[in-house]
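Enquirer: Provided below are the primary sequence and the corresponding predicted coordinates.
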Amino acid sequence: LVAPVGTRGVLLRGHDYGDTSRILRFYTLNYGLLSVMARGVRGRSGKGSTTISTFATGDLTAYVKTGRDLHTMKDFSCTELREGIGQDVLRFAGASAAAELVLAHADQEPHPELFHAIEDSLDSLGCADREHAPMAALSALWRITVGFGFAPQLDACVLCGRVLESDEVARFDFGAGGVRCSDCADVAAGPRVGPIARRQVGALIAGDLTVEIQHARRHLGLVSDFVAYHVVSKPLKSLHFLGGLLPHDQEVPE
């Protein structure tokens, strides 16, 4: 017999299985990505029923068997429902993109930094107003990418190591993982990234949603290309949907 184990987990995706059950995909604090069969949950109702909603965090109890891809859920006690995410299409799109990014790359190994990045990002999306929702979505993508261990180098040239001047316009070298200074830059290196844009990316990574961003779609293109080089091998469908909801850019951010 396998004894049940407990861990905090955030539900990223779920789909129905049979008449009464669901297959749920959690990212957990102690076990990383965990897929569980939740038997009979669609038949539960009334007082004492378990709340299992996408993007919710709670205490998960499951029978986890080594070498298995699908485990059996015993119980889930929700502690943070995050209803606000479902009340706005842009917030929901941002959370969906974040979830797809995690599901595309995460494994069954614990990464506490990633778990906390996911939770903090979903918390920000859940309470963001319309004005700050684009920043919350972009921040979620950057913070999860960094949680995977892929942090862009923004302050010094990835080729020569020189620290960029405060007013210097650089170019983003996606393959090298950061910016090239004006001396090492060429058109093939990637898009121009000036000091304002670099500060904005740094703020998004830090979870600072007070930063004013007027070029959200270009910022999405930047993080999307970075993710494509370092995290996932195929385009994420949710990023295209998210891009259609972001405000139009009027000029290149410098």
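Expert: Happy to help now that I have it.

Enquirer: Next up, the contacts around residue 37.
Expert: The neighbours of residue 37, taking Cβ atoms under 8 Å, 6 or more residues apart in numbering as the test, are 17, 21-23, 70-73. Yep, even glycine has a C-beta here, placed from its N, CA and C like the rest.

Enquirer: Next one: residue 84 relative to residue 245, how far apart?
Expert: In this view, residue 84 and residue 245 are 16 Å apart by Cβ to Cβ, to the nearest Å.

Enquirer: Point me to the helix or strand that includes the closest residue in space to residue 13 that isn't next to it in sequence.
Expert: Computed as Cβ to Cβ, 6 or more residues apart in numbering, the closest residue to residue 13 that is not its neighbour in sequence is residue 25, at 4.6 Å. Assigning secondary structure by DSSP states H and E places residue 25 in strand 21-28.

Enquirer: cool, residue 211 as well?
Expert: Applying DSSP H and E, one finds residue 211 in no helix or strand.

Enquirer: Which residues are in contact with residue 80?
Expert: Residue 80 neighbours (Cβ under 8 Å, 6+ apart): 56-58, 119, 123.

Enquirer: Let's see which of the residues you listed end up in strands.
Expert: 57-58 (DSSP state E).

Enquirer: Looking at the contacts of residue 80, which is nearest residue 4?
Expert: Checking those against residue 4 by Cβ to Cβ gives residue 58 as the nearest, at 14.9 Å.

Enquirer: and the most centrally placed residue in the chain, what does it touch?
Expert: Geometric centre of the chain, nearest residue: residue 98, 3.0 Å, by Cα atoms, centre = their mean. Residues near residue 98 by Cβ under 8 Å, 6+ apart: 118, 121-122, 125, 137, 140-141, 144.

Enquirer: One more pass at 10 Å, please.
Expert: Contacts for residue 98 were tallied using Cβ atoms under 10 Å, 6 or more residues apart in numbering; they are 12, 55, 117-118, 121-122, 125, 136-137, 139-141, 143-145, 238, 242.

Enquirer: That one - nearest residue in space that isn't next to it in sequence?
Expert: Nearest residue to residue 98 in three dimensions, chain neighbours excluded: residue 140, at 4.3 Å (Cβ to Cβ, 6+ apart).

Enquirer: I'd like the contacts of residue 80 as a markdown table, with distance to residue 167 appended.
Expert: Output for the contacts of residue 80, formatted as a markdown table (distance: Cβ to Cβ, whole Å):
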| residue | distance to residue 167 |
| --- | --- |
| 56 | 45 |
| 57 | 42 |
| 58 | 48 |
| 119 | 37 |
| 123 | 35 |
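
Enquirer: Taking the contacts of residue 80, tell me the two that lie furthest apart.
Expert: Spanning the widest gap among the contacts of residue 80 are 58 and 123, at 14.0 Å by Cβ to Cβ.
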